[in-house]
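Trainee: build me a model from this:
(chains A and B)
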Amino acid sequence: MTSTDLEALASENGLERVGARPPLHRYLADAWRRRDFAATLARYRLQASMSENRLGMGWVVLRPILNAALFGTIFGIIMPSDTRPDNFVPFLVVGFFIFEYFSKSLSGGANSIVGSKSLVRSLTFPRILLPVAIVIRQFLELIPMLIVMMVILILLGEPITWWWLMLVPVMLLMTMFNAGIALITARLTVHVRDLSQIIPLVSRVVFYTSGIFFDLERVLADQPDLLMLARLNPVHDFIALVRGYMVSGNPIEPFMWWIAIASAVVTFTFGIVYFWKAEERYGRD
Amino acid sequence: MTDTATSRPTVIVDDLHIKYKTFASGKAANSTRALLQRQRGVRVVHAVKGVSFVAREGESIGVIGHNGSGKSSLMRSIAGLQQPASGSVYASSQPALLGVNAALLGDLSGGKNVILGSLALGHSRAEAEENYQEIVDFSGLEEFIDLPMKTYSSGMAARLRFSIAVSRDHRILLVDEALAVGDKEFRAKSEARIRELRDQAGTVFLVSHSMRSILDTCSRVIWIDHGNLKMDGDPQEVVDAYQASKN
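Mentor: Just a heads-up that it's a prediction; the model follows:
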């Protein structure tokens, strides 16, 4: 039989092409039906990573604390300058904890497909669940991190206010943003494996441009164009919002909310569509 | 073959080509807008070169060929896990592949892999927990179920994977040497389970190097040689021709 005959025979008998990308709504419905898989995968991976180290879950909070201590020592004591905000230690702690959520979603997302090759090759399921599982895992790690962060802030003498509850919507928006980033990098590293070498560098660049250990508003006060550009960085705005609500002396500007909401919605939507478009590619090589 | 020649087709493989690209130093976005025009160490392996056939309800098809002939690539492609370079595969329902390299997550315990495997196959959380004991019993690995799967021997891992995969009924089943690693007792148990699935289901593909089990269980045999379909037909005839070619 020729190729056209076979194709006709297939459609005559209602056979569907295997591995074909379903329409977006069906794809998402299928992924939603298997949401338990993503949630369970995230939980099990978290447990497995905990059992590998002696301190287990402790490292989730120890890492940002040690980072904050290192940068606090270098830039707060050894090289003090007037770009440091007055309330430097809580400023630094919030910056590190919130940035950690972004950087881990970025690196985890980049690795989510290429690092689960055996799973992708042996089971058929919507691949979107893999980067989603990464973000779920980071979210599960975020909860103890936020609790420790609050304890540190209280110990440092920050007053507890009702404004602290604003952490919830800010973190939800950031989760959407991180999920979008994870989906985009998950597909990009499939196309260009070399990107996984650059991801740590990208993470560093975002780190230095998000004003973790210095106040962007002060550093760039006499360069309005650069300041404008720095404000457009969503990670900076998520961190600034958390600082604004939890650390005294950090004013909140309306533009922070606009950029946070817009970046969350745009990145998340674009990430889903962009990832779905290449669904057929993920089993390859 | 007369009884099945008119029954409904379940799998149609249409001029299927599979290529693997292996790179020594990197991988470009794609060939038309490559990041770097010149790439070193690129090698294209043409694993399957234009295979076409139609499989119908009630058939059990043996797939034979020497190592590296493209059998496993063909099976993975039918299961939708390997995208063809050109050509297509049509199926009446999602085919399920039982393969030896169907690795799960090595860091997690066997028990957790059972749950994850069930969920990935499309079971709900409740169903996965309900099936759990049945899967563990079938695998016979009760005492090792809490150990990480990376500590399992290849036979143990294959048993567990097989047990997970057959916990769900499949209309189209692809068995890729999944039985070769198990011990005799487990092989008998799993062959019985395959026959059971074949009776309920439409079509079973069996990749094996054991001509005995091919002749025992198959109603049709496909011989793949260097990525080409060399012969397709009655089991005894194809197996005889295959064995004659080796000598």
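Trainee: only C-alpha atoms for contact and neighbour calcs from this point on.
Mentor: OK.
Trainee: where does the prediction get shaky in chain B?
Mentor: For chain B, residues meeting the criterion pLDDT under 70 lie at B:1-6, B:23-42, B:99-103, B:178-182, B:201, B:247.
Trainee: the lengthiest helix in chain B: what's the following helix or strand?
Mentor: In chain B, assigned by DSSP state H, the helix with the most residues is helix B:184-200. Sequence order places strand B:203-207 as the next helix or strand after helix B:184-200, per DSSP states H and E.
Trainee: any part of that next one near chain A?
Mentor: No - counting by C-alpha under 8 Å from any C-alpha of the partner chain, chain A is not contacted by strand B:203-207; separation bottoms out at 13.9 Å.
Trainee: what's next to that strand, contact-wise?
Mentor: With C-alpha atoms under 8 Å, 6 or more residues apart in numbering or on different chains as the contact definition, strand B:203-207 has outside contacts at B:10, B:55-64, B:71-72, B:171-177, B:198, B:214, B:218.
Trainee: buried residues, it. List them.
Mentor: B:203-207 (16 or more other C-alpha atoms under 10 Å in any protein chain shown).
Trainee: quick check: next helix or strand after it?
Mentor: Past strand B:203-207, the next helix or strand by DSSP H and E is helix B:211-217.
Trainee: and stretch A:204-213, how far out from the chain's middle?
Mentor: Once both centres are worked out by C-alpha atoms, centre = their mean, to the nearest Å, stretch A:204-213 turns out to sit 15 Å from its chain's centre.
Trainee: Three-state assignment for the residue lying closest to A:Ala31 once chain neighbours are set aside, please.
Mentor: Closest residue to A:Ala31 apart from its sequence neighbours, by C-alpha to C-alpha, 6 or more residues apart in numbering or on different chains: A:Pro126 at 5.7 Å. Three-state call for A:Pro126 (DSSP: H, G, I helix; E, B strand; the rest coil): coil.
Trainee: run a quick neighbour tally on A:Pro126.
Mentor: A:Pro126 has 20 neighbours, counted by other C-alpha atoms under 10 Å in any protein chain shown.
Trainee: please tell me how far it sits from A:Phe177.
Mentor: 21 Å (C-alpha to C-alpha, to the nearest Å).
Trainee: on contacts alone, who are the packing partners of the one helix or strand B:Gly155 maps to?
Mentor: Per DSSP H and E, B:Gly155 falls inside helix B:154-165. Packed against helix B:154-165, as judged by 3 or more C-alpha pairs under 8 Å, 6 or more residues apart in numbering or on different chains; DSSP states H and E, are the following elements: strand B:96-99, helix B:110-120, helix B:125-139.
Trainee: so for A:Lys277, which of the ones you listed sits nearest?
Mentor: For the helices and strands packed on helix B:154-165, proximity to A:Lys277 was assessed by C-alpha to C-alpha; helix B:110-120 is nearest, at 21.2 Å.
Trainee: helix B:125-139 and that closest one, what's the angle between them?
Mentor: Taking axes from the mean of the first three to the mean of the last three C-alpha atoms, to 10 degrees, one finds helix B:110-120 and helix B:125-139 inclined to each other by 130 degrees.
Trainee: quick one: the helix holding B:Gly155 to helix B:125-139, angle?
Mentor: Interaxial angle of helix B:154-165 relative to helix B:125-139 (the same axes, to 10 degrees): 140 degrees.
Trainee: now do the buried residues in helix B:154-165.
Mentor: Those would be B:155-165, for helix B:154-165 by 16+ other C-alpha under 10 Å.
Trainee: hmm, back to that, torsion angles phi and psi at the residue nearest to A:Ala31?
Mentor: Per-residue torsions, A:Pro126: phi -60, psi 120 (degrees, to the nearest 10).
Trainee: if I look at it, what pLDDT would I see?
Mentor: In this model, A:Pro126 is scored at 88, pLDDT.
Trainee: tell me the contacts of it?
Mentor: Shown in contact with A:Pro126 (C-alpha under 8 Å, 6+ apart): A:27, A:30-31, A:279.
Trainee: buried subset of these?
Mentor: By 16+ other C-alpha under 10 Å, the contacts of A:Pro126 give A:27, A:31, A:279 as buried.
Trainee: mind listing what the last one touches?
Mentor: Remark: with contacts taken as C-alpha under 8 Å, 6+ apart, A:Glu279 is in contact with A:21, A:126-127.
Trainee: same question, the first one
Mentor: Neighbour list for A:Tyr27: A:21, A:126, A:276 [criterion: C-alpha under 8 Å, 6+ apart].
Trainee: separation between the last one and A:Thr189?
Mentor: What that stands for is A:Trp276. Remark: distance between A:Trp276 and A:Thr189 (C-alpha to C-alpha) = 15 Å.
Trainee: cool, and the second one?
Mentor: From A:Pro126 across to A:Thr189, the span is 18 Å (C-alpha to C-alpha).
Trainee: just give me the least confident of the buried ones among the contacts of A:Pro126.
Mentor: Lowest pLDDT among those: A:Glu279, 86.
Trainee: against B:Ser69, how distant is that one?
Mentor: 27 Å.
Trainee: how about A:Arg84?
Mentor: A:Arg84 sits 66 Å away from B:Ser69, going by C-alpha to C-alpha.
Trainee: got a list of what A:Tyr44 touches?
Mentor: Taking C-alpha under 8 Å, 6+ apart as the test, what A:Tyr44 contacts is B:108, B:112.
Trainee: the buried ones among the contacts of A:Pro126 in helices, which ones?
Mentor: Counting by DSSP H, the buried ones among the contacts of A:Pro126 contribute A:27, A:31 to helices.
Trainee: just the CA trace of the helix or strand hosting A:Thr4, in CSV.
Mentor: Using DSSP H and E, A:Thr4 sits in helix A:3-12. Extracted C-alpha coordinates of helix A:3-12, given in CSV (Å, rounded to 0.1, in the frame of the first residue of the first chain):
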residue,chain,number,x,y,z
SER,A,3,1.5,6.2,1.9
THR,A,4,-1.8,8.0,0.8
ASP,A,5,-3.7,4.7,1.1
LEU,A,6,-2.4,4.2,4.6
GLU,A,7,-3.4,7.7,5.6
ALA,A,8,-6.9,7.1,4.1
LEU,A,9,-7.2,3.8,5.9
ALA,A,10,-6.2,5.5,9.2
SER,A,11,-8.8,8.3,8.9
GLU,A,12,-11.5,5.8,7.6
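Trainee: any buried residues in it, and which?
Mentor: Buried-residue list, helix A:3-12, by 16+ other C-alpha under 10 Å: A:6-7, A:9-10.
Trainee: what is it packed up against?
Mentor: strand B:9-22.
Trainee: need phi/psi at B:His66.
Mentor: Per degrees, to the nearest 10, the backbone of B:His66 is at phi -70, psi 170.
Trainee: ignore the last one, B:Gly80
Mentor: Torsion angles, degrees, to the nearest 10, at B:Gly80: phi 80, psi 10.
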